[in-house]
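1. Next input, structure requested:
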Amino acid sequence: MVSLDIQGLSEEGVASFIHSYVDARLYVDHENSHLYSVSNDDFERPCTKQCPCLPLRERAHSDPYVFSLATNPFYLWLICTIFTEAGEEFVPKTLTQLYTWVMLVFAHRWQNTSLSITTTLEDATITFILNFSKLCYHLVKSGNIKIAAIMQEGGTLHLPDLGEVTIDQERAETFGLMTVSQDGVRLECEFRHLSLAEYLTALHVHVTGDNLLGFPRDRKELILQYLSGLASNACTRDQQVVRDFLAGLGSTEKKDAIVYLQQVQKMKGEWYNQQGLQKQMLFMRCAFESRQEQLTIYPFPGLKVINIRGSNLLSLDLITIGSFVSRLSDNNRLLELSMRDYPLDETGLRGLLPCLPLVRTVTLCARRLHDPSLYKMIGDAVGDPRSRLRELWLLEVPPYNRGLCDCPPQSLYTCGRCDEVLPPDQLGKALNVLHESCRNNNVRVHV
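-> Numbering: from 1, shown residues only. You can find the predicted model right below:
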C-alpha cells in the first residue's frame, strides 16, 4: 500500500482548481472551436468575466465557512462535483450539508447514476449506508479505527463484533473511505476519515434513536453538531436535500434541533472559565449547523459576556460567533464580546462584522490588520442603523501616523507642535475615518 502526504492548496491553487474542473465539465465553446489547434477536451480556456466557474469562485470568497475545507483537494473535488452536477443553489453551507452531499456523491458513484437527474437511493445503497453508519458508531464509541472482518461470498465483509452486520467491500473502499488488509482468512478494516465517521455516527443515532452514552466527550461534542444539522427544520433548498436524504434512508425522527442545544446547556462545567469557553463554542457551532433563524432561548444562563481567551480558534469559529450573535433575539443580546488574545486576520474580521453592531462593548486584537480598508469596514459596521455598540477597543494596532498634534479638538490654543506633524499615512487616514464614524454614532473608541 502506498501512502501519500497531500499538501494543502493555496488560495490561488483553489481558484485554479475550480476553473480547471468547471471548465472541463461545463464549458463547451462551439463557435470558436476552429481557432484552437487542439480539441476542446484537451484545451483549458482562460478564465473570463463570463466563465461558468465564477459563481463558485465567488461563493468560495464570500462563504469561507465550508470553503475553509477547500484547501484539501478531496473536499474541493467534492464541492466542485456538487456544483457541476446539482447546481449552484445546492453548494453546502454547513458541515452537515457537506457530508450529506459526500454520501450522495458516493451513492451515485455506486449506482452509476447522476445527481443532476435523480437523488433516489437504491435498496442496496440504503442497506450499505445504514450498516456502514452502524460500523462507524461502534468505531467512534470504542475509539478504535480498526475492526476485524471475515470475507464472505459476493465480496461482502462480515463484522463479528457487530452481530450480523455485513458491508460490501468494494463500496467501503470507495475513494479510500476504508482500507482492508488480509491476514489469512481474517481481514482487518481500517477507517481513514474520522470526521466522516463522526457524521455517520450522528446519522446512525438520528435514524435509529441510539444514544450517545459511553462516547468520549470530544467525539460526543462533534456528533452533537451533526445531530443539530440533521434535525434542522430550516426551509432552504440545501437543507431540504438533507431531509430528503434522511427520508430516503427511512428516517421518521422528528426531534427538533433545539433539543440538542438544550443538551449542551446541561453539560457539566461553568460558562465563564476556559472550560466554559469550550461549551460556548460548542453551543454556537450546534446553533450554526441547525440554521436557526433566531435563537429564542438564552444560550448561556447567568452570562452575558463572550470572553475569548487564547489564540487556538479557526476562521470558521469566528464565522460561527458572528452568525450566532446576529441570530440572538433582542431580549438576549450580549453585553460584551472580548477577543483581546486572538489576533484577527481579514477572514476572521469579515466573519465577525455582522455581529459587531449588536454588542455593547467589543474588544478586538488588531495585530494582523494592516490593510486600511479593514478599518473602514469596522467604521461602516459602527454606523449600522441597528447598532447597540457603545464602546470599541482595538488593541495592538500596527504602527500608524494619524497626522495629529496634541491640540485638544476645537481648541483656541496651539500645542506648539502643529507645524512639525507629518501628514497621515494610509492606515492613519483610515483610523481618522473610524474615529469620526464612532464620534458621529456616540461610540467611545480606544486605539
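
2. which residues does P372 contact?
-> Going by C-beta atoms under 8 Å, 6 or more residues apart in numbering, P372 touches Q426, L427, K429, A430. C-beta here means a position set from N, CA and C on the backbone, and glycine is covered the same way.

3. I meant to write E12 there.
-> Contacts of E12 (C-beta under 8 Å, 6+ apart): none.

4. Assumed it was part of a helix.
-> Yes. According to DSSP: H, G, I helix; E, B strand; the rest coil, E12 belongs to a helix.

5. so where's the stretch 201-350 of the chain uncertain?
-> Confidence mapping of the stretch 201-350 of the chain against pLDDT under 70 gives the ranges 269-276, 302-312.

6. please redo it, this time with the cut-off set to 80
-> Residue ranges of the stretch 201-350 of the chain with pLDDT under 80: 253, 267-278, 296-316, 329-334, 347.

7. Let me know the closest of the contacts of P372 to F106.
-> Nearest to F106 among the contacts of P372: A430, at 48.1 Å, using C-beta to C-beta.

8. A430 - nearest residue in space that isn't next to it in sequence?
-> The shortest distance from A430 to any non-neighbouring residue, by C-beta to C-beta, 6 or more residues apart in numbering, is to P372 (3.6 Å).

9. what about E11, distance to L76?
-> 12 Å (C-beta to C-beta, to the nearest Å).

10. helix, strand or coil for F106?
-> helix.

11. Could you list which residues are in contact with it?
-> R171, T174, F175, L177.

12. so what's the last one closest to, chain neighbours aside?
-> In this structure, L177 finds its nearest non-sequential neighbour in H193, 6.4 Å apart by C-beta to C-beta, 6+ apart.

13. swap in the second one?
-> Distances taken as C-beta to C-beta, 6+ apart place F106 nearest to T174, at 5.6 Å, with adjacent residues excluded.

14. What pLDDT does the model give that neighbour?
-> F106 carries a pLDDT value of 86.

15. can you name the two of the contacts of F106 that are farthest apart?
-> Most distant of the contacts of F106, by C-beta to C-beta, are R171 and F175, 10.5 Å apart.

16. do you know how far the nearest residue to E396 once chain neighbours are set aside is from L318?
-> Nearest non-adjacent residue to E396, counting by C-beta to C-beta, 6+ apart: R367, 4.2 Å away. Between R367 and L318 the computed distance is 15 Å (C-beta to C-beta).

17. ditto for A149
-> 42 Å.

18. what does Q426 give?
-> Distance, Q426 to L318, by C-beta to C-beta: 25 Å.

19. What are the structural domain limits within this protein?
-> 11-89, 92-300, 304-447 (automatic domain parsing).

20. Now for the residue nearest in space to the middle of the chain: which residues touch it?
-> Geometric centre of the chain, nearest residue: Y65, 3.3 Å, by C-alpha atoms, centre = their mean. Residues counted as contacts of Y65 (C-beta under 8 Å, 6+ apart) are K93, T94, F288, L316, I319, T320.

21. what does S68 give?
-> Counting by C-beta under 8 Å, 6+ apart, S68 has contacts L314, S315, L316.

22. sorry, back to before: from the contacts of P372, which is closest to V242?
-> A430 (42.3 Å).

23. my guess is the closest one is in a helix, correct?
-> Yes. Checked against three-state DSSP, A430 lies within a helix.

24. Would you confirm that it contacts S373?
-> Yes. Counting by C-beta atoms under 8 Å, A430 does reach S373; the two are 7.2 Å apart.

25. between those two, which one's more packed in?
-> Neighbours per residue, other C-beta atoms under 10 Å: of A430 and S373, the larger number sits with A430, 23 against 10.

26. one step back: and the gap between the residue nearest to A430 and L358?
-> Using C-beta to C-beta, we find P372 at a distance of 25 Å from L358.

27. cool, P423 as well?
-> 36 Å.

28. okay, these two: which has more neighbours?
-> Legend: neighbour count by other C-beta under 10 Å for P423 and L358, higher for L358 (22 against 8).

29. hang on, the earlier thing: would TSV of the contacts of F106 with secondary structure be doable?
-> Below are the contacts of F106 laid out as TSV (three-state DSSP):
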residue	secondary structure
R171	helix
T174	helix
F175	helix
L177	coil
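
30. helices or strands next to the lengthiest helix in the chain in the packing?
-> Longest helix in the chain, counting residues (DSSP state H): helix 123-142. Helix 123-142 sits against helix 95-111, strand 146-151, strand 166-168, helix 169-172, strand 186-191, helix 194-208, helix 217-230, with contacts defined as 3 or more C-beta pairs under 8 Å, 6 or more residues apart in numbering; DSSP states H and E.

31. try 6 Å this time
-> helix 95-111, strand 166-168, helix 194-208 (3 or more C-beta pairs under 6 Å, 6 or more residues apart in numbering; DSSP states H and E).

32. Show me what the shortest one is in contact with.
-> Translated: strand 166-168. F128, N131, F132, T156, L157, H158 (C-beta atoms under 6 Å, 6 or more residues apart in numbering).
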